[in-house]
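Engineer: Requesting a structural model of the entry that follows:
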Amino acid sequence: MLHVRSIWNGAISFGLVSIPIKLVNATESHSISFRQIHTEDGGRIRYRKVCELEEREVSSAEIGKGYEDADGTIIPITDEDLSHLPLPTAKTIEIVAFVPADRIDPLQMDAAYYLQAGGAPAAKPYTLLREALKRSHKVAIAKYALRGRERLGMLRVVGDAIAMHGLLWPDEVRAPEGVAPDTSVTVRDKELDLADALMDTLGEVDLDDLHDEYREAVEEVVAAKAAGETPREAPSAPSSGKVLDLMAALEKSVRAAKESRGEETGSAADAEADSDTEGDGDGGPDSGSRSARAKVSRLPQRESARGTPKQTGGKKSTSTAKKTASAPRKSAAKKSTSSKSATAAKSTAGAKGTTRKTAAKKTAATAKKTPAKKTAARKRSA
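Structural biologist: This is a model prediction of the structure:
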């Protein structure tokens, strides 16, 4: 049984079945509250309730309710007046319908309460309603009155108890007009694929592991100042530049998420880059720029993983460059073709070198023969 003070006593009206219940808060706030003080001397700032006619402070026992009319006249309203309202929901949570849970818009959700059975006579009907809700996989829609107004509620099963969520009336939920971007934006499938990869990498979380870090930081500041110490300064947040390339930002986010989980990085981004390179091979107008972006984002990672490419005659190896630009899942046939291309490139380079050497030798021989011929001609003429 909950050892929490009830805020409302009444009954659940389930057709002709009446279930005595107590309404208790299902949530509690752990936020740190501050007092207003006078900054010069630290004195408390308090609000005093003063009667305007007598100009004196009054106690809570002397304060009642009143409705201000259009002309400024105050009409006193007592608790007895409200208790005699001609409404069936004044002391009753009246169930009006049962609907699937997904019919309730989360925007309508308000405060949450537990409905506590009011004594032994309520045990059987309380259990009956709870089991009926379980078996039907539905929630109950109810109307009730609380704090001077009629409200809408949703009853559902939480463990072995029945909980009630206060709901806003449909006309109290604003339409999302003017909230969405008013410019036309096209999102490519490849961007959605990377977003999905980022969502999968972040994965799920146990909500019990989440906590209020802001409240803990405030408590540290309060404890430090109470002990006469200087509060610890927060580390400066890294400056984030303007995102110019959404694809690059998504790839970087996937890698960062994987590194934070201790996973190997690059697989999701490389797989997406593969699909980007293969999918843009249709000769479309945007294919060149997309492939270039994918290569630029992958090259630094590949070079750091495989080391500096070998050099031949002061130039990078053709086969290494092709392996760097290609995806890790290329077929054996493509690898063979790449090797043949590299061999052919080397042969061509060798042939060019031989041709240059032969030409140099011929030039030297010609230069030597020319003076000899000129000398012979001079002797004959003499």
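Engineer: Look up how far residue 83 lies from residue 234.
Structural biologist: 53 Å (C-beta to C-beta, to the nearest Å). (C-beta placed from N, C-alpha, C; glycine too.)
Engineer: Go ahead and name everything in contact with stretch 29-45.
Structural biologist: Around stretch 29-45, the neighbours that count as contacts under C-beta atoms under 8 Å, 6 or more residues apart in numbering are 212, 215, 218-219, 222.
Engineer: Serialize the residues you listed to TSV and add fields for neighbour count.
Structural biologist: Below are the contacts of stretch 29-45 laid out as TSV (neighbours: other C-beta atoms under 10 Å):
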residue	neighbour count
212	12
215	12
218	15
219	12
222	13
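Engineer: got these as TSV, with distance to residue 66 columns?
Structural biologist: Shown next, in TSV, are the contacts of stretch 29-45 (distance: C-beta to C-beta, whole Å):
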residue	distance to residue 66
212	39
215	38
218	39
219	41
222	40
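Engineer: Could you dump the residues you listed into TSV and include secondary structure and pLDDT?
Structural biologist: TSV is the format used below for the contacts of stretch 29-45 (DSSP: H, G, I helix; E, B strand; the rest coil; pLDDT from 0 to 100):
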residue	secondary structure	pLDDT
212	coil	87
215	helix	88
218	helix	89
219	helix	90
222	helix	90
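Engineer: how many other residues sit next to residue 196?
Structural biologist: Other residues within reach of residue 196 by the criterion other C-beta atoms under 10 Å amount to 13.
Engineer: Just the helices from the stretch 101-250 of the chain, written as ranges.
Structural biologist: Using DSSP state H, counting those that start in this stretch, the helices of the stretch 101-250 of the chain run over 123-136, 189-202, 213-226, 246-260.
Engineer: Just say which of those helices is most tucked in.
Structural biologist: By mean neighbour count, with neighbours taken as mean count of other C-beta atoms under 10 Å, helix 246-260 ranks first of these at a mean of 17.
Engineer: Does anything pack onto it? Which helices or strands?
Structural biologist: Under the contact criterion of 3 or more C-beta pairs under 8 Å, 6 or more residues apart in numbering; DSSP states H and E, helix 246-260 touches helix 189-202, helix 267-279, helix 287-306.
Engineer: Would you mind identifying the helix or strand in this protein with the lowest mean pLDDT?
Structural biologist: Least confident element among the helices and strands of the chain, by mean pLDDT, DSSP states H and E: helix 287-306 (a mean of 40).
Engineer: can you tell me how far residue 218 sits from residue 12?
Structural biologist: As it turns out, when the distance is counted by C-beta to C-beta, residue 218 lies 40 Å from residue 12.
Engineer: cool, residue 261 as well?
Structural biologist: From residue 261 over to residue 12 (counting by C-beta to C-beta), the distance is 47 Å.
Engineer: so residue 138 touches residue 97, yeah?
Structural biologist: No - at 9.2 Å, residue 138 and residue 97 do not qualify as touching, with contact defined as C-beta atoms under 8 Å.
Engineer: Please say which of the two ends up with more neighbours.
Structural biologist: Looking at residue 138 and residue 97 with other C-beta under 10 Å, you find the greater number of neighbours at residue 138, namely 17 against 10.
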